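> one predicted model, sequence on top.
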Amino acid sequence: MEMPEIVTGNFAPPRSIVSAPKSLRIVDWNIDRGQRLQGVTDFLVGVNADILILQEVDLNARRTHRLNIAEAIARKLEMNYVFGREFQELVQGTKGSPAYHGQATLSKWPISDACLISFSRQSDFWQPRWFLPKIEPVQVRLGGRIALVAQINVAGSRLITYNLHLESRGNDALRISQFREVLADAASRDIDCPVIVAGDLNMDASRAAVALELARAGFQDAVASSHCAPTTPARGLFEGRRRIDWAFVRGPLRASSGQVHGNVKASDHYPISFILTG
């Protein structure tokens, strides 16, 4: 049975706070499908963030023991969550019990108005072909890259999050095209509402072409203090450490204490975190 495009769950206890907190801690992380789930949850419990923006999150995949990874994390941390379906993973499921992969946004506060931006330009790299066997480690998928958009309702105040995973195949021109769709959607939002754009961009967002787009749209780097810190370790002989995970903010809240947690080994990406204050 096919899952809906967006899956939700509410595990945060009711809050009696009537005024917004003085600060919010945000974590962005590509968790590598949740294959090292204990390490992922150990870090997230310790950092005690208010909002989690996660990429590469499995749902009912063989490699992650058929778990709904977003729900497992949300239950453990007592948070609400929304999961946006990016791909159906044909090798990881069966016809009667399909597997999915996508993005998840979790919050200690209520989440509403979740929707997906399915990018108009996609790579066809992942599509099934007659000569590709449906066995591991081959990755054949149905679907395409998305941004998961959600509204966080913090004690009567609104915060919009864009959870991105841009294409890993193809070139920066494709990724910039996908990124522009996010910035165009953000431009339609209330300018007084804080906006977070974060995720695995699969490119260096400090390069002039991207940095200029962000500046024009009014976004600031939320982890500027760790600007040069890589967010992935070296992968073999031909791919060194890279900075491809980013977070940007726009609006009345300001980001501080940005950090890349390069000592966390629970994924092939390092988590990044920052604090938002009024």
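Thanks, I have the structure now.

> and the strands in the stretch 51-200 of the chain?
Per DSSP state E, counting those that start in this stretch, the stretch 51-200 of the chain has strands spanning 51-59, 80-89, 100-107, 111-118, 141-143, 146-154, 157-165, 195-200. These are given in chain order.

> mind putting the ones you listed into JSON lines with distance to residue 271?
Backbone N, C-alpha and C define where each C-beta goes, glycine included. JSON lines is the format used below for the strands of the stretch 51-200 of the chain (distance: least, CB to CB, whole Å):
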{"stretch": "strand 51-59", "distance to residue 271": "9"}
{"stretch": "strand 80-89", "distance to residue 271": "17"}
{"stretch": "strand 100-107", "distance to residue 271": "13"}
{"stretch": "strand 111-118", "distance to residue 271": "20"}
{"stretch": "strand 141-143", "distance to residue 271": "25"}
{"stretch": "strand 146-154", "distance to residue 271": "18"}
{"stretch": "strand 157-165", "distance to residue 271": "14"}
{"stretch": "strand 195-200", "distance to residue 271": "11"}
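
> who wins for proximity to residue 13 among those?
Nearest to residue 13 among the strands of the stretch 51-200 of the chain is strand 80-89; the distance by CB to CB comes to 10.4 Å.

> which other helices and strands does the closest one contact?
Applying 3 or more CB pairs under 8 Å, 6 or more residues apart in numbering; DSSP states H and E, one finds that strand 80-89 makes contact with strand 6-10, strand 51-59, helix 69-77, strand 100-107, strand 111-118, strand 141-143, strand 146-154.

> ok, back up a step: which of the strands of the stretch 51-200 of the chain has the lowest average pLDDT?
Sorting these by mean pLDDT places strand 141-143 lowest, at a mean of 91.

> residue ranges with poor pLDDT in the stretch 1-150 of the chain?
Judged against pLDDT under 70, the low-scoring parts of the stretch 1-150 of the chain cover residues 1-3, 16-19, 130, 135, 138.

> from residue 59, how far out is residue 26?
In this structure, residue 26 and residue 59 are separated by 23 Å, where distance is defined by CB to CB, to the nearest Å.

> packing partners of the helix or strand hosting residue 215?
When elements are assigned from DSSP states H and E, residue 215 belongs to helix 208-216. The elements that helix 208-216 packs onto, with contact taken as 3+ CB pairs under 8 Å, 6+ apart, are helix 172-187.
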